[in-house]
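**Student:** Need the 3D shape of this:
(one chain, ligands or ions: 1)
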Amino acid sequence: MIDAHALALETSDLSFSFSKDHPVIKGLNMRIPKGSFYGFLGPNGAGKTTTIRLLLDLLPSSSGAVKIFGKSYRNDRNGILSRIGTLIETPSLYDHLTGFDNLKVTADLRCITKERVWQVLEMVGLATEGEKYVHSYSLGMKQRLGLALALLSSPDLLILDEPTNGLDPNGIIEIRGLLRDLNVNHRVTILISSHLLSEVERLVSHVGIIGQGKMLFQGRLKELQQMSREKAIIEIDTDDNIRALAILMEDHQPIIKAAQFLAIQLVNKDHLAQVIALLTGAGLRVNRAQLVERSLEETFLSLIKDNHL
Ligand SMILES: Nc1ncnc2c1ncn2[C@@H]1O[C@H](COP(=O)(O)OP(=O)(O)OP(=O)(O)O)[C@@H](O)[C@H]1O
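**Tutor:** Residues are numbered from 1 along each chain as shown. Down below sits the predicted model:
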């Protein structure tokens, strides 16, 4: 149980419908610890963008509550928004202005200094490109400028909706490096949404997996990794698989596949050795016996698939 004071963001039974009787977000309880890097994952249409819009008070929630740094929008909307930086898909930029001037427009509105504008340009690696017009920027540079915009007011919480969408591998690596630095060295709590676990796996400390508007898993990445390990299988091949299958069935082993080789659900850490001993004890020769762990991506996909059944 995480102490509520240690949470940057918390929702309680958050629900939302665009039209009557068609809920899109169904009783979401999000817990994002301060200082964490939270991957908000789910397939297309799962409800990530809608949730993010609810978190930013851009939609009226059907029911439930959002608390950011312990406060609700009803009591302290400006206070909350002043602590959040956002990047929702592609940033809105003025193509006919320079990178610097794009930031300056917002900086002037919020009484932020010119020095801070250069500072954030430096942070996102655009200081030397700051005087160039945005229409000459690559997609990756525009995305980094969008991030600079989100960072202008030194937010404590960054909310990013699929920020690497459409970027090439280099652009993705750049954004990843930048976000890791913000999280680790500048202590910014980050929520990043993605439909690909592999895209955020090396960044995040926590994950929330959403499917059809419901939270399917939430916790530390380590817990999801542990779940993957527990779903490991034993693959075994002997000189007589038909007999091996009969022996395993008689022993009530959890067999999940019997084809060119046999596959058994791993139940504990000694299981592999026990199965080998059982078969060799019955006079069979074990040609191959190995543990095959489920990849994290497979665990993610099976969580989503199970929810669709
Ligand atoms: N303005 C809208 N009016 C009606 N339905 C909508 C609207 N916006 C989204 N939806 C529906 O709400 C559901 C959730 O959509 P949402 O965009 O939040 O999903 P998502 O997880 O962000 O998907 P993606 O990864 O494709 O952006 C989908 O079924 C979508 O069709």
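
**Student:** name the element the nearest residue to residue 154 once chain neighbours are set aside belongs to?
**Tutor:** Among residues not flanking residue 154 along the chain, residue 116 sits closest, at 7.9 Å (CB to CB, 6 or more residues apart in numbering). Every residue, glycine included, has its C-beta placed from N, CA and C. For residue 116, the element it lies in under DSSP states H and E is helix 114-123.

**Student:** Work out the gap between that helix and the centre of the chain.
**Tutor:** Distance, stretch centre to chain centre, for helix 114-123: 28 Å (CA atoms, centre = their mean, to the nearest Å).

**Student:** so who does whatever residue of the stretch 151-300 of the chain ends up closest to the ligand touch?
**Tutor:** For the stretch 151-300 of the chain and the ligand, the shortest gap (CB to the nearest ligand atom) falls at residue 195, measuring 4.9 Å. Under the criterion of CB atoms under 8 Å, 6 or more residues apart in numbering, the contact list for residue 195 reads 41, 42, 43, 44, 46, 48, 162.

**Student:** how about a markdown table for those, with secondary structure, pLDDT and distance to residue 249 added?
**Tutor:** A markdown table is the format used below for the contacts of residue 195 (DSSP: H, G, I helix; E, B strand; the rest coil; pLDDT from 0 to 100; distance: CB to CB, whole Å):
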| residue | secondary structure | pLDDT | distance to residue 249 |
| --- | --- | --- | --- |
| 41 | strand | 95 | 38 |
| 42 | coil | 93 | 39 |
| 43 | coil | 90 | 37 |
| 44 | coil | 90 | 41 |
| 46 | coil | 93 | 39 |
| 48 | helix | 95 | 44 |
| 162 | coil | 90 | 47 |
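
**Student:** between those residues, which has the most around it?
**Tutor:** Counting neighbours by other CB atoms under 10 Å, residue 41 leads these with 28 neighbours.

**Student:** Per-residue pLDDT of the residue lying closest to that residue once chain neighbours are set aside, please?
**Tutor:** The shortest distance from residue 41 to any non-neighbouring residue, by CB to CB, 6+ apart, is to residue 209 (5.0 Å). Confidence at residue 209, expressed as pLDDT, is 95.

**Student:** On the three-state scheme, residue 209 is what?
**Tutor:** strand (DSSP: H, G, I helix; E, B strand; the rest coil).

**Student:** Show me the strands in the stretch 101-250 of the chain, by range?
**Tutor:** Counting by DSSP state E, counting those that start in this stretch, the stretch 101-250 of the chain has strands at residues 157-161, 189-194, 206-211, 214-220, 233-238.

**Student:** so what's the residue nearest to residue 41 up against?
**Tutor:** Counting by CB under 8 Å, 6+ apart, residue 209 makes contact with 41, 42, 215, 216, 217, 218, 300, 303, 304.

**Student:** just to revisit the earlier point, of all the contacts of residue 195, which comes closest to residue 257?
**Tutor:** Comparing the contacts of residue 195 against residue 257 with CB to CB places residue 43 closest, at 26.3 Å.

**Student:** So the closest one sits against residue 212, correct?
**Tutor:** No - with contact defined as CB atoms under 8 Å, residue 43 does not reach residue 212; the gap is 9.0 Å.

**Student:** which of the residues in stretch 69-79 are buried?
**Tutor:** Buried residues in stretch 69-79, defined by neighbour count with 16 or more other CB atoms under 10 Å: 69, 73.

**Student:** now it, how far from the centre of its chain.
**Tutor:** The answer for stretch 69-79 is 25 Å, by CA atoms, centre = their mean.

**Student:** got a list of contacts for that stretch?
**Tutor:** 4, 5, 7, 8, 9, 57, 65, 66, 80, 83, 156, 157.

**Student:** before we move on, what about stretch 107-124?
**Tutor:** Here stretch 107-124 makes contact (CB under 8 Å, 6+ apart) with 99-100, 103-104, 106, 127, 129-130, 144-145, 147-148, 151-154, 178, 181-182.

**Student:** Also stretch 284-293?
**Tutor:** Taking CB under 8 Å, 6+ apart as the rule, stretch 284-293 contacts 228-229, 231-240, 243-244, 247, 261, 263, 266, 272, 275-276, 279-280.

**Student:** Count the neighbours of residue 187 for me.
**Tutor:** Applying other CB under 10 Å, we find 10 residues neighbouring residue 187.
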